[in-house]
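**Student:** quick one: sequence plus predicted model below, questions after.
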Amino acid sequence: MSMLEVKDLSIHFGGVKAVQNVTFSIDSGIVYSVIGPNGAGKTTLFNLITGVYKPTTGEIKLDGESIGGKSPNELATRGVARTFQNLQICMNMSAVENVMVGAHLRLDRNLIKAAMRFPALKRRDAELREEAAELMRFVGLDKYVETRADAMSYGALKRLEIARALAMKPRLIFLDEPAAGLNPKETIEVDHLVRKIAESGVTVVLVEHDMKMVMNLSDRILVLNYGKKLAEGTGEEIRNNPDVIAAYLGAHA
Amino acid sequence: MLAQFLQFLFSGITVGATYALAALGFTLIYNASNVINFAQGEFIMLGGMLAVFFTQAGLPLPMALLLAILIPAIVGVVVEKLAIEPVKGAETVTLIIITIGASLVIRGLTTVIFGKGTHSLPAFSGETPIEILGATLMPQSLWVLGVTALVVIALWYFFNRTLQGKAMLATSVNRLAAELVGINTGWVLFMSFAMSAALGALGGILITPITLTSYDVGIMLGLKGFVAAVVGGLGNGLGAVVGGLLVGILEAMGAGYISSAYKDAIPFVLILLILFFMPRGLFGGKSTDRV
Amino acid sequence: MKKNAYFGLTIVIAILLVLPFVVPNSFYLDLAVRMAINAVIVLGLNLLIGFAGQISLGHAGFLGIGAYASAVLPTHFGWHPLLAMGAGAVITGALAALVARPIFKLKGHYLAMATLGLGIIINIALRNEAQWTGGPDGMPVPAMGLFGFELTNDKQWYWVVALLLSVSVWASLNLIDSPFGRALRALHGSEVASQVVGVDVVRYKVAIFVMSAVFASLMGSVTAHYVGFVSPNFADFFHSIELVTMVVIGGMASVYGSLVGAVLLTALPQALATFEGWETVVFGAILMLSMIFMPKGLVPTLAAKFGKGD
């Protein structure tokens, strides 16, 4: 059964139809990529599915249950994680604290216990710090654990976002251009990282402009153009689809 | 019945016009710099006080009024140059405290120079009330309304028909884009503080013959101007004018029909209701955060 | 958080322990009590403003509710002062919770406007309900009794307030370095990022707003009993601004900054008394200059300069 089903999804901003009648579904455990030229509606699609925007019409189902219009924090409780194309890092916190925030829902958030420094809470926090440091090693940020987020490079912050999302222990993760703005070496590292995440059993949805990376990683690919679905299929099918070649790849290749 | 209603309405729109001018001042500065200028009320006070001072010093009325507008405008520019420009991009709270600091300096200097007394200004064209359907309208109210209307028209012309005005509008929409097409956004900031201070001062001068003035009238007038600007949807010029009149009228009606003791609370109750139920103000657009 | 954060607490406690034995006279002891009271309020307000990134320009209103509960309930209804203090806190908490939900859907200047309006309405109500509150002149407050023994002299008050302050610093340090505190700081850093990891941002904003309002109310009660008199000035707009200024000048998101801000701004009016007639001008100028040259506040600026964590 599909994990995520999207049916006839649309959103309009004033007169602009940013996403129009898009339908697709994602099976559990795969890497699913969304590609398309700039302004095709990829990030908007992410924002719709992760609850940042409310759809104008259409349906989104997670495990058969409708989630359209639910708030991001409700979706988080269902194991949906994401990263942002424009970094959304908390610059007022250290790197490891940013990752620890990712574990928010798995912790005791009681205000009184926190203020009274309950030992159980402190113990759990100490464990979490180890866990978060471990995740930072996993994404290749070993040496930044105690660094303040505002002192880190763009490439490092991109990976910090991924570590934070992983701290949620998600079942489904949306990565919005994880390699954008990275140098070739960093891009390869992110490529390996996404593969590792997929291998750990997390379903990955990827928006990315780096075609090599997309073709390398994806089980299936959705192509958007002007907010509409242009094609969907395996990498092979997409590569040979005349519409895609004309509208998108043709412009590059 | 009708006479009483009209009476409240007249006093409401008269004081509402002052709020409208203050609200326009808030709007100008907010659009140019995203700053809420808590010193706005002090320019209202300054206009009234200076007008009193200069007429008492024997200057002819037009000359006195001109100076009473010009000096606050200069003060506004000085505040912008010395206190706002150096901290571009600071947090909202920081900017709020800076403008409050400025308001304290202005108020403090006013008490040092003019003392803490209450002053009045003779009405511009006599004190003979005009009767309308049993209610009375002071000639000064006509001055307030007439001048406010002229100012609104002049501002509309400025923003829609002149290059400078359009440059200011463009800067409020997108500062970077405005800079890229060659607009001097520093000049825009400068102008908006000058104009906003002048508008406040003008309001203060016009209303002084009716309500009197003293060193501490600025706070309440300024805060109510802020209410009016938010009622109209912060950043919207027409909204500011409508908001000002609405706040003035509701305040006068509330004071007349409900409780005069709670007169000053009415604008704030109004704004809380508006923010609770229509958070973008009456004229504010819908916005979506981009992430 | 850094291990040495709690080291500061030891210093604070040490200073509090030594202070009453070194102050030259009761004038300074009185000043110290008022500084400590303000410091507790500012700690709570800094959690809201500095850590969670939300504004309140109406906190003096909450302080006023607490102060007047402690004046009105014992005077008119014969309530025990502690009960009255509790009632003030409950009323404040309920009011803050009632308005918080719609208020915290607002951002930036709208939030500033809403809290400002709320504070002003409270102040006007206190001024007008003269049959209960004594109107603009205020009213006397009965003495505070604790377990059959009355708090009368400044020394006793000092120890009570010093204890409150120490506990508040400790609790604040604990809170910011906990799951709750991290969620607060995260929603300041990036609201959308905190949402997608599961933080119910409105709920957290409401919780910290209510908590800081209750802090202000409780300390309003303490002030009322300590001073023995309340007036509507407790709750006026300018007092709200003073409290925010203490937060910002000491340093947003800095626990020790709150203490420094409270100490400096409580002392400032005394220091300015020498500028006869020019107090307002100098006070305003100090606000502007410190914000222009130290927009991050004193403690974070100095900490950065000397390369140490806060």
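**Tutor:** Now that the structure is in, tell me what you want to look at.
**Student:** which residues of chain A score low on pLDDT?
**Tutor:** For chain A, the stretches with pLDDT under 70 are A:1, A:248-253.
**Student:** taking it, what residue is nearest to chain C?
**Tutor:** A:C90 (2.5 Å; C-beta to the nearest C-beta). In short, each C-beta sits where N, CA and C put it, glycine included.
**Student:** ok, which stretches of chain B are strands?
**Tutor:** B:130-132, B:135-137 (DSSP state E).
**Student:** which one of the ones you listed is the most hemmed in?
**Tutor:** The highest mean neighbour count among the strands of chain B, using mean count of other C-beta atoms under 10 Å in any protein chain shown, belongs to strand B:135-137: a mean of 17.
**Student:** picking up where we left off before, looking at the strands of chain B, which is nearest to chain C?
**Tutor:** strand B:135-137 (27.6 Å).
**Student:** which residues touch the residue of chain A closest to chain C?
**Tutor:** Going by C-beta atoms under 8 Å, 6 or more residues apart in numbering or on different chains, A:C90 touches A:97-98, A:101, A:149, C:185-186, C:188-190, C:193-194.
**Student:** how about the residues you listed in a markdown table, adding distance to chain B, secondary structure and neighbour count?
**Tutor:** A markdown table is the format used below for those (distance: C-beta to the nearest C-beta, whole Å; DSSP: H, G, I helix; E, B strand; the rest coil; neighbours: other C-beta atoms under 10 Å in any protein chain shown):
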| residue | distance to chain B | secondary structure | neighbour count |
| --- | --- | --- | --- |
| A:E97 | 20 | helix | 23 |
| A:N98 | 16 | helix | 31 |
| A:V101 | 17 | helix | 28 |
| A:A149 | 17 | helix | 21 |
| C:R185 | 15 | helix | 23 |
| C:A186 | 15 | helix | 29 |
| C:H188 | 10 | helix | 22 |
| C:G189 | 13 | helix | 22 |
| C:S190 | 9 | coil | 21 |
| C:A193 | 9 | helix | 26 |
| C:S194 | 12 | helix | 27 |
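**Student:** just to revisit the earlier point, ok, and the closest non-adjacent residue to the residue of chain A closest to chain C?
**Tutor:** In space, and not counting its chain neighbours, A:C90 is closest to C:G189: 2.5 Å by C-beta to C-beta, 6 or more residues apart in numbering or on different chains.
**Student:** cool, B:M168 as well?
**Tutor:** B:V188 (5.0 Å).
**Student:** next one: C:Y110
**Tutor:** B:L275 (6.0 Å).
**Student:** surely that neighbour is in contact with C:P102?
**Tutor:** Yes - contact status for B:L275 versus C:P102: in contact at 7.0 Å, counting by C-beta atoms under 8 Å.
**Student:** which of those two has more residues huddled nearby?
**Tutor:** Remark: of B:L275 and C:P102, B:L275 carries more neighbours, 23 against 16, as counted by other C-beta atoms under 10 Å in any protein chain shown.
**Student:** show me what from the stretch 1-150 of chain A comes close to chain C.
**Tutor:** With C-beta under 8 Å from any C-beta of the partner chain as the criterion, the stretch 1-150 of chain A meets chain C at residues A:50-52, A:71-73, A:75-77, A:81-82, A:84, A:88-93, A:97-98, A:100-102, A:104-105, A:107-111, A:113-117, A:121, A:125, A:149.
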